[in-house]
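Peer 1: Everything below, folded, please.
(2 chains)
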Amino acid sequence: MTQQFFIYAAINIFVALVSAPFFMGVIKKVKALCQGRHGPQLLQPYYNLIKLFSKEVVVSKDSSWITRITPYINMSIMVLAVLFIPLIFVPVNNTVFGNIILLIYLFAIAKFFMALAGLDAGSAFGGMGSSREMSFSSIIEPVTIIVFLALAFVFKTTNLFDITRETAMHNIFSINPLLVLLAVSLFIILITESSRIPVDNPETHLELTMIHEAMLLEQSGKNLALMEWSSALKQTILMAILINIFFPVGLIPINLITQSSPMLLLVSAFLFLVKGIALSVVIALFESYLAKLRLFLLPTLFAIPFFLAFLTIVIEVFI
Amino acid sequence: MIGTFFSINTITIFSVLILLTAAMITISKNLMSMIFIYSMQSLLIVIIAVMLYISEKNPILFTIAVLTFLSKVIIIPFITEKVQHKLRIKRDVTFHHLSPVGSIFLSILVFFIVYAAFSSLAGILADKTSLIIISLSVSLVFMGMIIMFTRKQMITNVIGYLTMENGVLLFSLFVAELPLIIEFLVLLDLIMLILLITLMAFGIDSGIEEYHARIDPFDPIRRRLDSRLGGRFDSRPDIRSERVDREEKAR
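Peer 2: All right, here's what the predicted structure looks like:
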C-alpha cells in the first residue's frame, strides 16, 4: 500500500465513476439512432442520477434491512472491483488487488444481495427476477470462470495487473493469437453480465421477460440511483477488461511518480474514453442487430464462450 | 513444414476459427445463416491454403485454393441456397438425440479424445502445429457427423456432410499431400452430390402428395374409406379440388 497505489486508486475510481453513466448514455443514443429515433441526450444518465439522488427513499413496510442495505453494498463492491482493473495506468505490482478469481466472487456477492433484495419486499416480479437471475448465474458463472481461467493460462498469472502490464507492453498477436477467441468469449460475458439484449432487455419495465429490472422495482430515490450507478460501473469494469487486454493503446505501464506527468495521464484518460465509446457503439449495434433470445435458448449462447475457452486451454496447456 | 512468412500462430488461429464455424453450424437454426457460415468456413480453408502456398511455393496448394474457392465458396452455397428457396423452409429447429449445448460439449470431448489419440504420433510429425491442426481437422470431421445425426432436415444434413469434407481437405493440406487429381475428383463428386440433392429436393416438392401420405398416420384408413365412398371422404381441399378438376376434365 504505497502512496502510488493511493493515487492509482483515487484516479481509477474517479474515472470509472464519471465515465460509467456516459457509456450507458452512448449505448442508449446509438440504439435509438438505429431504431430511427432521436433518443435521449448523451448526458441523460447523469441527469437521471441527479434527479434520483434528490428524491426521497420509499421502502415497502414489509421489507427488512436487506432492501435498505443492498444499494450501499452493491455500490461499495463495485467501487472495490474498480481497483482490480487498471483503467489509465498500471501501478507497480501488489498482491492485494487484481486477482481475477476474487473479482468473479465480488460480482457474485453483489448479485447475491441484489437477488435477496428482489425477494425481500415479497412482490411477485421481484421474486421472479431473482429466481431468473440466480438460474442464469448458475449457468454463466462456470463459463466466466473457464474464460478467465483460459486468460490466466495464456498469461501464466491470475493477476489482472500483470496481465494488463503484459498486454500494454507487447502486441497480443505476439503473446498468443488465441486471445482473439477469448475476446469473443469476454464480449458475450460482458453482454450477459450487463443484462443486454440477447439475454435480458434493459429497456423493459413491468414486462414478464425482465430479469435485472425486476429486482430493482422496489428500490426508489437515492437507493435506485445507487443501484443504477453500480450496474453501470459493473459494465464499465467488464468493458475495461476487454479494452485492456485487446486494445491497450494509451495505457501507461510505468511508475507514475518517477516518469509520468499529469499531461500523460490526461491523454491516457482521453484514450480510455475514446476506446470505451467505441466499444459502447459496438455493444449498441450488436444489441440492435439481435432479437431477445427465448429463455431456454440462452444456454446455447453460453456454450460458445465455453467452447472457445476450453479449446484455448487445451491448446495452451497440452500443445 | 510451414515457412516463416506467416507465423505458425496465424495458421493455428484460422484453423481454430474453422472449428468455431462448425460449432456455430451445430447450434444455428436458420438455414440461410447456416449456408453463409459454411461458405465462411470454406473461405477460411482457402485462406489457409493460400498462406501455405505463399510459404511453400507449391503450385498444387494454389490450385486447391482456387478450386475450393470456386466450388465451395461460390457454387455449392449458391445451389444450396436455391434449393432452400424452392423448399420454402427457413428454419431447422428440431434436434434429436442431443441438445445443441450437448453437441457442443460432445465436440469438446471429441476434440480432446482426438488430440489424445494423435499425441502418440507427435514424434513422427514435423512440429507441434501440425499436431494441433490434425486434431482440429479430424474433430471437424466428427463435428460434421454430429451435425448430421442431431438434425433431421435434408439441407442441414448436407451441410454436415460438407463440413466433414472440409475436415478431410484441411487434413490433406497438412498431412498427406493428396494428388491433385483426387482433390479434383472429390470436388466434382461434391458438386454432383449437391446437384443430385437438388433434383431430390425438387422431386419431393413436386410429389408433395406422396410425401404427405408418408407422414400422415391416418392415410391408410383415409384411403380405404375413400375407395369405399368413391372419393367423397377426402377432406384435404387442395387435393380434392385437383381431383374434382381431373374428374370434370375426364367427363
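
Peer 1: ok, and the closest non-adjacent residue to the residue of the stretch 101-250 of chain B found nearest chain A?
Peer 2: For the stretch 101-250 of chain B, the nearest residue to chain A under the criterion Cβ to the nearest Cβ is B:I104, separated by 4.1 Å. No exception for glycine: its C-beta is placed from N, CA and C like everyone else's. Nearest-residue entry for B:I104: A:A303, 4.1 Å, with adjacent residues in sequence omitted and distances by Cβ to Cβ, 6 or more residues apart in numbering or on different chains.

Peer 1: Would you enumerate the residues in contact with the one you found?
Peer 2: Contacts were defined as Cβ atoms under 8 Å, 6 or more residues apart in numbering or on different chains; by that measure A:A303 touches B:A23, B:I27, B:P100, B:V101, B:I104, B:F105.

Peer 1: Is the most centrally placed residue in chain B within a helix or a strand, and which one?
Peer 2: Among the residues of chain B, B:I159 comes closest to the average C-alpha position under Cα atoms, centre = their mean, at 1.5 Å. With the criterion set as DSSP states H and E, the secondary-structure element containing B:I159 is helix B:154-174.

Peer 1: coming back round to it: and the contacts of A:A303, which is closest to B:L229?
Peer 2: Nearest to B:L229 among these, counting by Cβ to Cβ, is B:P100 at 46.9 Å.

Peer 1: check contacts around that closest one.
Peer 2: Residues near B:P100 by Cβ under 8 Å, 6+ apart: A:T300, A:A303, B:T26, B:I27, B:T150.

Peer 1: shouldn't the fourth one be in contact with B:G102?
Peer 2: No - taking contacts as Cβ atoms under 8 Å, B:I27 lies outside contact range of B:G102: 10.5 Å.

Peer 1: Of these two, give the one with the bigger neighbour count.
Peer 2: Each of B:I27 and B:G102 has its neighbours counted (other Cβ atoms under 10 Å in any protein chain shown); B:I27 has more, 21 against 16.

Peer 1: ok, which residues in chain A are in contact with chain B?
Peer 2: When proximity is defined as Cβ under 8 Å from any Cβ of the partner chain, chain A approaches chain B at A:173, A:176-178, A:180-181, A:299-300, A:303-304, A:306-308, A:310-311, A:314-315, A:318-319.

Peer 1: out of those residues, which are buried?
Peer 2: A:176-178, A:180-181, A:299-300, A:303-304, A:306-308, A:310-311, A:314-315 (16 or more other Cβ atoms under 10 Å in any protein chain shown).

Peer 1: tell me the SS of B:H96?
Peer 2: coil (DSSP: H, G, I helix; E, B strand; the rest coil).

Peer 1: list the contacts for it?
Peer 2: Counting by Cβ under 8 Å, 6+ apart, the residues that B:H96 touches are B:T150, B:R151, B:K152.

Peer 1: how about low-confidence regions in the chain?
Peer 2: You didn't pick a chain, so chain A it is. Segments of chain A classed as low confidence (criterion: pLDDT under 70) are A:1, A:93-95, A:173-174, A:206, A:250, A:252-260, A:318-319.

Peer 1: Correction: the question concerned chain B.
Peer 2: Answering for chain B: the residues below the bar, that is pLDDT under 70, span B:1-8, B:87-88, B:125-126, B:176-178, B:198-199, B:201-217, B:219, B:230-249, B:251.

Peer 1: Could you list the domains of it?
Peer 2: Domain assignment for chain B, taken from automatic domain parsing, gives B:8-206, B:209-250.

Peer 1: tell me the most buried of those domains?
Peer 2: With neighbours taken as mean count of other Cβ atoms under 10 Å in any protein chain shown, the domains of chain B reach their highest mean count in domain B:8-206, at a mean of 18.

Peer 1: Run the chain-centre distance for that one.
Peer 2: Between the mean C-alpha location of domain B:8-206 and the chain-wide mean there is a distance of 7 Å, by Cα atoms, centre = their mean, to the nearest Å.

Peer 1: do the same with stretch A:57-76
Peer 2: Here stretch A:57-76 is found 22 Å from its chain centre; the criterion is Cα atoms, centre = their mean.

Peer 1: give me the element the nearest residue to A:F247 once chain neighbours are set aside is part of.
Peer 2: Using Cβ to Cβ, 6+ apart and skipping the chain neighbours, the partner closest in space to A:F247 is A:K275 (5.3 Å). When secondary structure is defined using DSSP H and E, the element that contains A:K275 is helix A:262-289.

Peer 1: Packing partners of that helix?
Peer 2: Contacts of helix A:262-289 with other secondary structure elements, assessed using 3 or more Cβ pairs under 8 Å, 6 or more residues apart in numbering or on different chains; DSSP states H and E, are made with helix A:3-34, helix A:179-193, helix A:221-246.

Peer 1: Show me which residues of chain B sit near chain A.
Peer 2: Taking Cβ under 8 Å from any Cβ, the part of chain B that reaches chain A is made up of B:7, B:9-10, B:12-13, B:16-17, B:19-20, B:23-24, B:27, B:100-101, B:104-105, B:107-108, B:111-112, B:115, B:119, B:128, B:131-132.

Peer 1: Report how many residues lie close to A:M114.
Peer 2: A:M114: 24 neighbours (other Cβ under 10 Å).

Peer 1: give the contact list for it.
Peer 2: A:M114 makes contact with A:T70, A:N74, A:S130, A:E133, A:M215, A:M227 under the criterion Cβ under 8 Å, 6+ apart.

Peer 1: same thing but 7 Å
Peer 2: Residues near A:M114 by Cβ atoms under 7 Å, 6 or more residues apart in numbering or on different chains: A:T70, A:N74, A:M215.

Peer 1: again with A:F136
Peer 2: By Cβ under 7 Å, 6+ apart, the contact set of A:F136 is A:L298.

Peer 1: Looks to me like it is in a strand.
Peer 2: No - in this structure, A:F136 is helix, not part of a strand, as judged by three-state DSSP.

Peer 1: From chain B, how far out is it?
Peer 2: With distances taken as Cβ to the nearest Cβ, to the nearest Å, A:F136 is found 14 Å from chain B.

Peer 1: what about that residue, distance to A:I191?
Peer 2: 12 Å (Cβ to Cβ, to the nearest Å).

Peer 1: quick one: secondary structure of the residue nearest to A:S220 when sequence neighbours are not counted?
Peer 2: For A:S220, ignoring the flanking residues on the chain, the nearest one in space by Cβ to Cβ, 6+ apart is A:V58 at 4.7 Å. For A:V58, the assignment made with three-state DSSP gives coil.

Peer 1: Quick check: phi and psi on A:V58?
Peer 2: A:V58 has phi and psi values of phi -120, psi 120 when expressed as degrees, to the nearest 10.

Peer 1: Now do the contacts for A:H38.
Peer 2: Shown in contact with A:H38 (Cβ under 7 Å, 6+ apart): A:A32.

Peer 1: So which other helices or strands are in contact with the helix or strand containing B:I45?
Peer 2: Element membership of B:I45 [criterion: DSSP H and E] is helix B:31-56. Contact partners of helix B:31-56 among helices and strands, from 3 or more Cβ pairs under 7 Å, 6 or more residues apart in numbering or on different chains; DSSP states H and E: helix B:8-27, helix B:59-68, helix B:76-87, helix B:154-174.

Peer 1: Repeat the analysis, applying 10 Å as the threshold.
Peer 2: helix B:8-27, helix B:59-68, helix B:76-87, helix B:128-150, helix B:154-174 (3 or more Cβ pairs under 10 Å, 6 or more residues apart in numbering or on different chains; DSSP states H and E).

Peer 1: State the number of residues packed around the closest residue to chain B within the stretch 1-150 of chain A.
Peer 2: Using Cβ to the nearest Cβ, the closest approach of the stretch 1-150 of chain A to chain B is made by A:I139 at 9.5 Å. By other Cβ under 10 Å, 16 other residues sit near A:I139.

Peer 1: can I assume it is in contact with A:L297?
Peer 2: No - the pair formed by A:I139 and A:L297 falls short of the contact definition of Cβ atoms under 10 Å, at 11.9 Å.

Peer 1: Between those two, which contacts overlap?
Peer 2: B:V101 (Cβ atoms under 10 Å, 6 or more residues apart in numbering or on different chains).
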